[in-house]
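Undergrad: here is my input; please provide its structure:
(chains A and B)
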Amino acid sequence: MGRVVMSLLLILSSSSPFAAKKTPEKVMYFSKLFGHIHKGPSRYSQSLSTIGCGHPTKVIGNTEISSSGVSFLKVKVGPYIGFISKTYLRSKRPECFADEFPRFFDNLNLSLTEMYYWGKLYDQYITGRSRVK
Amino acid sequence: MRGMAIMMLITLMMDGVLPTHVLGKSKELVPVSETIEFDKIKKVLRKDRLGTEVAKKKAVRSVKKKKRKEKKIGRYDIPSVESFWSFFSEYWLIKNATVLKWDFKKPDYGLESSFREFLETMGIYEVRFKILLVNSPDVTHFALPSNPNEYIFLLSVPFIRTLDLSKLEISLLLFEDYLRIQNGFFKDYVSVAGMNEFIGGNFYQKSFNSKLMNTVSSRYDDLIFDKGFSFKQQFKVTENMNQMLRSSSKLWNSYYLMIGKIDNLVKTNILYQKYLKIYPSPELQLSWLRPEKKKVL
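TA: You can find the predicted model right below:
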């Protein structure tokens, strides 16, 4: 009897309008060769982990946080919850350089430090594009 | 009823109505282990289109095999000229990260909008650019080889701070580097023998030419840190700048004044004496830019 009451209470609490809404999670893929999951929404923020192109990330919520003109999304990648620049994420798995030229890429024998720096490089770039007015 | 049937069968046998194989005499006529002669049934098979089915299946199998092999070989592809140069320049930047000191926190100088607007003023559209600020006086400003319609610039923060360059002056400096790339000075210098065959090639069942990659990387080092550009190349770039900026006195004057600032810096600041070796020379550039004095009779 007690179990039935408990389960009923659980069902009621989950369907209650006052219950905390579960934030929607959307899977997006990292599009640069390497990149970082930052602790905070800034390109200078501490790196929690380095990820490679095509890595799936779970975008938590829909909130975009802007910092120095760059929009960041809150993501969950494996055990880490951090921030990635919105411009680096795609809704479909991108075509990655390392997948396109796998043997060439393997032969470069990049070390972990080099992968880390490659991710940092994209954070450090000031990028732009001239357009027809 | 059963007796009736037996009777009828006996009568029929006596009359010879039933065929012999029903009576068990067929054993002598049709052997049990008959070998199939395909020549005899060819027509039947052809009629059934079994031959064409087999041919179709063979063709599909061979296409699949060919595709599998192509895919296997394709894994050994080397990037084509469309994607090689940006990748390699970034690879060089990674290898030299500690020397160039580009991984540092800096303020937003607003260079994206200023350089984009400058390019648009010059009528240069649909060009992607990446500017990497370095925290070292060793590399003052440089454009690295990149993919078509893409430019990678290096710009020294100590250099622009020492000269106190305005956004326009920085754009002019970057534009000078843009013209150097347009003229192909960098690619010409680093493209060693075998480079054209290497880019866009394939090394399936061959050893990877890492020696060539190292040679190109050391040519990058050589040009950026040591050798720089020739007088002839500098003259060409200065001439190009002169032609392109002549229509706007504001831009031309800014460029002339900026070269003057650099000339003064390299003559007075020991940190930037190497600049003359890389970009010879601001003093000459000023003389090339200075309008000729007309002789008055």
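Undergrad: which strand runs longest in chain A?
TA: Ordering each strand of chain A by length in residues (DSSP state E) puts strand A:56-67 first.
Undergrad: let me see the mean pLDDT of stretch B:194-206.
TA: Stretch B:194-206 shows a mean pLDDT of 93.
Undergrad: any residues touching that stretch, and which ones?
TA: A:103-104, B:72-81, B:84, B:209, B:212, B:216 (CB atoms under 8 Å, 6 or more residues apart in numbering or on different chains). Backbone N, C-alpha and C define where each C-beta goes, glycine included.
Undergrad: now for these: which two are most distant?
TA: By the measure CB to CB, the contacts of stretch B:194-206 have their two most distant members at B:72 and B:216, which lie 27.2 Å apart.
Undergrad: neighbour-wise, which of those two wins?
TA: Set residue B:72 next to residue B:216 and count neighbours by other CB atoms under 10 Å in any protein chain shown: residue B:216 wins out with 18 against 10.
Undergrad: just checking, that one touches residue B:190?
TA: Yes - with contact defined as CB atoms under 8 Å, residue B:216 counts as touching residue B:190 (5.3 Å).
Undergrad: does residue B:116 touch residue A:133 like I think?
TA: No - using CB under 8 Å as the test, residue B:116 is too far from residue A:133 to be in contact (10.9 Å).
Undergrad: neighbour-wise, which of these two wins?
TA: Taking other CB under 10 Å, residue B:116 and residue A:133 do not tie; residue B:116 has more neighbours (18 against 6).
Undergrad: can you tell me the closest non-neighbouring residue to the more buried one?
TA: Nearest residue to residue B:116 in three dimensions, chain neighbours excluded: residue A:128, at 4.5 Å (CB to CB, 6 or more residues apart in numbering or on different chains).
Undergrad: and the one you found, how many neighbours does it have?
TA: 20.
Undergrad: SS state for it?
TA: Following DSSP: H, G, I helix; E, B strand; the rest coil, residue A:128 is assigned to strand.
Undergrad: mind listing what it touches?
TA: By CB under 8 Å, 6+ apart, the residues touching residue A:128 are B:112, B:113, B:115, B:116, B:128, B:129, B:131.
Undergrad: which helix or strand contains the second one?
TA: Think residue B:113. helix B:111-121 (DSSP states H and E).
Undergrad: ok, and what's touching that helix?
TA: Residues outside helix B:111-121 that contact it (CB under 8 Å, 6+ apart): A:69, A:126-131, A:133, B:125, B:127, B:129, B:131, B:155, B:167-168, B:170-172, B:174-175.
Undergrad: how far off helix B:111-121 does the helix or strand containing residue B:267 point, in degrees?
TA: Element membership for residue B:267, per DSSP H and E: helix B:249-268. Relative orientation of helix B:249-268 versus helix B:111-121 (axes from the mean of the first three to the mean of the last three CA atoms, to 10 degrees): 130 degrees.
Undergrad: now helix B:249-268: how far from the chain's centre is it?
TA: Counting by CA atoms, centre = their mean, to the nearest Å, helix B:249-268 is centred 37 Å from the centre of its parent chain.
Undergrad: now the helix or strand just after it - C-alpha only, PDB.
TA: Helices and strands here follow DSSP H and E; after helix B:249-268, the next one along the chain is helix B:275-278. The C-alpha trace of helix B:275-278 is given here as PDB (Å, rounded to 0.1, in the frame of the first residue of the first chain):
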ATOM      1  CA  TYR B 275      63.000  44.300 -39.000                       C
ATOM      2  CA  LEU B 276      65.400  45.700 -41.700                       C
ATOM      3  CA  LYS B 277      66.400  42.200 -42.500                       C
ATOM      4  CA  ILE B 278      62.900  41.000 -43.000                       C
END
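Undergrad: now do helix B:275-278, average pLDDT.
TA: 95.
Undergrad: what do you get for stretch B:92-107?
TA: The average of the pLDDT scores along stretch B:92-107 is 95.
Undergrad: give me the distance from that stretch to the chain's centre.
TA: Centre-to-centre, stretch B:92-107 and its host chain are 23 Å apart (CA atoms, centre = their mean).
Undergrad: what of stretch B:221-241?
TA: On CA atoms, centre = their mean, the centre of stretch B:221-241 falls 25 Å from the chain's centre.
Undergrad: mean confidence for it?
TA: In this model, stretch B:221-241 carries a mean pLDDT of 96.
Undergrad: for it, which outside residues touch it?
TA: So stretch B:221-241 is contacted by B:96, B:138-139, B:142, B:172, B:175-176, B:179-180, B:183, B:185-186, B:189-190, B:255, B:277-281, B:284-285, B:288-289 (CB under 8 Å, 6+ apart).
Undergrad: at 6 Å instead, please
TA: If you take CB atoms under 6 Å, 6 or more residues apart in numbering or on different chains as the criterion, stretch B:221-241 is touched by B:139, B:142, B:176, B:179, B:180, B:185, B:189, B:277, B:278, B:280, B:285, B:288.
Undergrad: next up, the contacts around the residue of the stretch 151-297 of chain B found nearest chain A.
TA: Chain A sits closest to residue B:208 of the stretch 151-297 of chain B, with a gap of 4.2 Å, by CB to the nearest CB. Under the criterion of CB under 6 Å, 6+ apart, the neighbours of residue B:208 are residue A:107.
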